[in-house]
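> Have a look at this fold, sequence not included:
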């Protein structure tokens with residue numbers, strides 16, 4: 001069975017990392033086609049012996065030319081099925097074209113809140129995306145959601161697809177086994193960590209606001225891992241609060257496990273409704289209890305007081321309160337914190353990448 005994966009780009013992201021794991025773990029032959037550009041993940045797939053194509057398409061290139069090139073890939077690689085991974089009318093139309101021209105079945109993988117199909121400011125663009133998806137989904141073999149929340153978001157807009165939708169949780173690599181019996185001294189500095197894109201939706205500004213409430217009462221450091229357009233404004237906020245000796249911007253890091261091992265608490269204060277929350281599960285795999293907001297699929301991962309803490313509303317006071325709860329457990333209730341670390345690893349073992357890829361092979 002030869003599977004063609006269609007993506008927009010090969011840069012670092014949750015979708016792309018999943019495809020890299022599929023290229024390594026799947027028992028089928030997987031070919032990856034990146035419509036616009038390659039990137040670090042595309043290179044890693046290629047370096048590991050995977051087959052990749054980068055079309056270098058742009059808005060200036062006629063779509064007819066692009067889909068003909070995809071058709072040639074299907075013929076050259078003897079493709080049996082196509083999987084599309086982005087919320088992209090171009091990719092959905094390409095799938096329909098392969099299906100109509102060569103009778104190649106296709107699967108639409110949904111990695112995010114499907115309501116984002118209406119995220120554009122132009123009504124015509126939103127209508128166009130929904131119309132293209134409607135026709136593409138009619139001919140699709142399956143619609144795969146990476147969480148119950150994502151499945152629900154698809155069915156709220158297209159309830160007729162209930163018989164086609166399949167759940168396949170995203171996953172992470174092996175769980176670490178750092179000694180859980182290690183206890184901290186009350187004088188130890190607590191280390192918090194955030195990992196993700198520095199964009200408004202991720203809520204890092206609210207995290208900094210919350211830390212400003214704690215700076216005079218709690219001894220902590222916070223490492224912010226990632227990059228993005230909000231970095232400069234976030235750095236100014238840190239400086240204005242006088243937190244420059246406690247909050248550190250570490251930039252983009254490929255090996256985040258090294259940073260997990262130096263940390264106590266993972267904080268994910270997202271404004272948006274996350275389709276899954278892979279960075280949370282990655283942190284839990286290293287034994288980090290996590291703090292996040294009760295939105296999207298987060299409730300499928302974090303159980304309040306068991307493997308982390310959930311706040312109902314994203315504001316500085318509630319987030320600061322959850323951080324204080326976690327720090328008090330670290331400093332004064334070692335048994336509770338050791339149990340929460342163990343529970344985090346248990347949760348991560350449920351969302352195992354080997355299970356994800358095995359399920360993917362069964363679906364395809």
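Received the coordinates, thanks. Every value quoted in this text rests on a predicted model; they were computed, and no experiment measured them. Numbers count the residues shown, from 1 in each chain.
> Kindly tell me how buried residue 69 is, as a neighbour count.
Residue 69 is flanked by 18 other residues according to other Cβ atoms under 10 Å. The C-beta positions use only the backbone N, C-alpha and C, and glycine is treated the same way.
> just residue 276 next, same as before
For residue 276, using other Cβ under 10 Å, the count is 26.
> Which parts of stretch 5-13 count as buried, going by neighbours?
5, 6, 7, 8, 9, 10, 13 (16 or more other Cβ atoms under 10 Å).
> Give me the distance from that stretch to the chain's centre.
Distance of stretch 5-13 from its chain centroid, counting by Cα atoms, centre = their mean, to the nearest Å, is 13 Å.
> Give me the contact list for that stretch.
With contacts defined as Cβ atoms under 8 Å, 6 or more residues apart in numbering, stretch 5-13 is touched by 15-16, 19, 22, 30-43, 45, 52, 54, 70, 82-86, 88, 91, 94-95, 252, 254.
> Out of these, name the ones that lie in helices.
Among these, the members found in helices (DSSP state H) are 15-16, 19, 22, 40-43, 45, 70, 91, 94-95.
> follow-up on the earlier one: how about the buried residues of stretch 5-13, which pair is most distant?
Maximum pairwise distance among the buried residues of stretch 5-13 (Cβ to Cβ): 14.8 Å, between 6 and 13.
> which strands and helices sit next to the helix or strand that residue 237 is a member of?
Element membership for residue 237, per DSSP states H and E: helix 231-240. Packed against helix 231-240 by the contact rule (3 or more Cβ pairs under 8 Å, 6 or more residues apart in numbering; DSSP states H and E) you find helix 204-214, strand 247-251.
> Nearest to residue 301, out of those?
Nearest of the helices and strands packed on helix 231-240 (Cβ to Cβ): helix 204-214, 18.4 Å.
> what's the weakest-modelled helix or strand in the protein?
helix 63-76 (a mean of 88; mean pLDDT, DSSP states H and E).
> quick one: contacts for residue 147?
Applying Cβ under 8 Å, 6+ apart, the residues contacting residue 147 are 167, 169, 170, 275, 276, 296, 297, 300.
> Excluding chain neighbours, what is closest to it?
residue 297 (3.8 Å; Cβ to Cβ, 6 or more residues apart in numbering).
> picking that back up, quick one: closest of the helices and strands packed on helix 231-240 to residue 338.
helix 204-214 (23.4 Å).
> Inside strands: which ones of the buried residues of stretch 5-13?
5, 6, 7, 8, 9 (DSSP state E).
> Can you tell me which of those residues is nearest residue 75?
residue 6 (15.3 Å).
> Mind pulling the model confidence for that closest one?
Here, the pLDDT recorded for residue 6 equals 97.
> Tell me where this structure has helices.
14-25, 40-47, 63-76, 89-102, 123-139, 148-157, 204-214, 231-240, 257-261, 278-285, 316-332, 334-350, 353-363.
> what's the nearest residue to residue 248 once chain neighbours are set aside in contact with, if anything?
With Cβ to Cβ, 6+ apart as the criterion, residue 248 has its nearest non-adjacent residue at 5.4 Å, and that residue is residue 223. Residue 223 sits next to 191, 192, 193, 194, 248, 250, 259, 262, 263 when contact means Cβ under 8 Å, 6+ apart.
> I'd guessed the second one sits against residue 267; true?
Yes: distance between residue 192 and residue 267: 5.5 Å, which falls inside the contact criterion (Cβ atoms under 8 Å).
> shared neighbours, those two?
222, 323.
> Just want to know which of those two has more residues nearby.
Set side by side, residue 192 and residue 267 show more neighbours around residue 267, with 29 against 25, by other Cβ under 10 Å.
> can you tell me how far that one sits from residue 171?
Using Cβ to Cβ, to the nearest Å, residue 267 is found at 22 Å from residue 171.
> repeat for residue 51
23 Å.
> how about low-confidence regions in this protein?
Within the chain, the ranges that satisfy pLDDT under 70 run 58-63, 176-187.
> try it again with 80
Along the chain, the parts satisfying pLDDT under 80 run over 57-64, 119-121, 174-188, 254.
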